[in-house]
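[1] Have a look at this prediction, sequence included:
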Amino acid sequence: EVPVPGKVSTRYDLEKETELRFEVEAVEQIELELLTGMAEVFGSELNRNKKYTFGAGAKIAVFTWQGCSVNLYGKPEVAYVSKDTPMLLYLNTHAALEQMRRQAERDNERGPRVMVVGPTDVGKSTVCRLLLSYAVRVGRRPTLVELDVGQSGVSVPGTVSALCIERPADVEEGFSVQAPLVYHFGSTTPGTNIKLYNKLTSCLAEVYSQRCEVNRKASVGGCIINTCGWVKGSGYQALVHCASAFEVDVVLVLDHERLYNELKRDLPHFVRVVLLPKSGGVVERSKECRRDTRDEKIREYFYGFRGLTFYPFSYEVRFSDVRIYKIGAPSIPDSCLPLGMSQDDTQLKLVPVTPGRDLTYHVLSVSSAEDGEEGARKGIVESPVCGFIVVTNVDTQTQVMKVLSPAPRPLPRHTLLIMDIRFMDSK
Ligand code: ATP
């Protein structure tokens, strides 16, 4: 065994059905190597004698069904072995879903549409990743629907999206994100514009259903929907709306009995609502940690994984060449609304934004809506986005702004949607 120079190595021998959990400190890097036996990280199998690197802030579980030994190189913030994991329950859930897919195949029906819900930090994203990786490992082509606008696993924060899963998640990088379908929401909590949030959920459901009609594998594979951790009030209503828009068959409730009972009460009786425990390994994340993850996700969009793969461009855009909108006008008291107009209309309204200094650092979505005047404006809210740019500088004198863009000039489209989210490029 050749140790990594300068790094301490610690060997762990894991019994069957146990997991090694570790966290990586802020400026550290940890390498993981499987020495004997078999093991997986969130549903993706490890190759033997290959070193996997995990960067700052990573929180990882190495689970083994049969028993294994692994080495960790470097000094993790914490590392311990746990015998108490809900993995068997998660595997059984996968087996039940797989049964439904087989039946769908036989009866020429559609596969299971599954919504994963629960408060923050119960491991929703991890359960989604696990179920998707297991499904794809047995030859299915499930779809991941990402409705968590705060911590999207697919695109930048402030978006909702759908992605066809064709291979298990990469142990280090997660799912390969090729050609996702992405919609602009604009902020990190659904509460800032719940009407828009529900509208976009419906858009995704419609596109997914259309795809299922023409693609049998996608239909049989079903979908796994990851949701936000906001489970009260309008957040709860948004979950009920999602269940109906996607016509879900199964709801997995993680660690929240009240939510489980409410959903059982409010969803049609044929929807199977299942309560699952959370894993003791799921780590609570602070506000700062969440902000850092969001920042990292935007950086990854422009620079690639670990900032190494892509080289973004920086160029100037004239104000006169683009139209910038914000979706949703500030709400006004019902009594002040013009006759015949409802609060809904204001939340889905496109409000033109006059470029100024305060645009600096904002993330803008480039809408795929055809450029054009008034007539075209109607479809903008429901149009997917084709990419994102960040405003790095605004010159009001010359009426020009500088932007960071993944592709060289010119912009593919000229309708831009502003996000509340800002990104400061430290490169
Ligand atoms: P959110 O509140 O953002 O919706 P969530 O419920 O989706 O959060 P996850 O993102 O799945 O939660 O998990 C939170 C963190 O815990 C992640 O960093 C994940 O890698 C880690 N984690 C999940 N399961 C385990 C485990 N068994 N052992 C160690 N870490 C874990």
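    Perfect, thanks for sending it.
[2] can you count the residues close to the closest residue to residue 298 other than its chain neighbours?
    Of all residues beyond its chain neighbours, the one nearest residue 298 is residue 423 (4.6 Å), with distances taken as CB to CB, 6 or more residues apart in numbering. Bear in mind the C-beta positions are built from the backbone N, C-alpha and C, glycine included. Residues lying near residue 423 (other CB atoms under 10 Å) number 23.
[3] Tell me who's in contact with residue 423.
    With contact taken as CB atoms under 8 Å, 6 or more residues apart in numbering, residue 423 is in contact with 295, 298-299, 361, 363, 390.
[4] Swap in 7 Å and give it another go.
    Counting by CB atoms under 7 Å, 6 or more residues apart in numbering, residue 423 touches 295, 298, 361, 363, 390.
[5] out of the residues you listed, who's nearest the ligand?
    Comparing the contacts of residue 423 against the ligand with CB to the nearest ligand atom places residue 295 closest, at 14.7 Å.
[6] mind listing what that closest one touches?
    Here residue 295 is in contact with residue 423 (CB under 7 Å, 6+ apart).
[7] 2 is where my numbering starts, stick with that
    That works, and once the first residue is 2, the last one we named lands at residue 296.
[8] Now do the same for it: helix, strand or coil?
    helix (DSSP: H, G, I helix; E, B strand; the rest coil).
[9] what does residue 244 give?
    Three-state assignment for residue 244 (three-state DSSP): helix.
[10] which residues touch it?
    For residue 244, the contacting residues are 116, 252, 268, 272, by CB under 7 Å, 6+ apart.
[11] if we go to 6 Å?
    116, 268 (CB atoms under 6 Å, 6 or more residues apart in numbering).
[12] I'd like the distance between it and residue 194.
    For residue 244, the distance to residue 194 equals 20 Å [CB to CB, to the nearest Å].
[13] With adjacent residues omitted, what lies nearest to residue 160?
    residue 183 is the one closest to residue 160 (CB to CB, 6+ apart), at 5.1 Å.
[14] Report the contact partners of that neighbour.
    156, 160, 162, 385-386.
[15] Who are the contact partners of whatever residue of the chain ends up closest to the ligand?
    Nearest residue of the chain to the ligand, counting by CB to the nearest ligand atom: residue 282, 2.4 Å away. Residues near residue 282 by CB under 6 Å, 6+ apart: 22, 62.
[16] follow-up on the earlier one: would you mind giving the contacts of residue 183 as a markdown table with neighbour count added?
    Below are the contacts of residue 183 laid out as a markdown table (neighbours: other CB atoms under 10 Å):
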| residue | neighbour count |
| --- | --- |
| 156 | 24 |
| 160 | 26 |
| 162 | 25 |
| 385 | 20 |
| 386 | 23 |
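[17] JSON lines for the residues you listed, including pLDDT and distance to the ligand?
    Conversion of the contacts of residue 183 to JSON lines gives the following (pLDDT from 0 to 100; distance: CB to the nearest ligand atom, whole Å):
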{"residue": "156", "pLDDT": "95", "distance to the ligand": "15"}
{"residue": "160", "pLDDT": "98", "distance to the ligand": "15"}
{"residue": "162", "pLDDT": "97", "distance to the ligand": "15"}
{"residue": "385", "pLDDT": "96", "distance to the ligand": "23"}
{"residue": "386", "pLDDT": "96", "distance to the ligand": "22"}
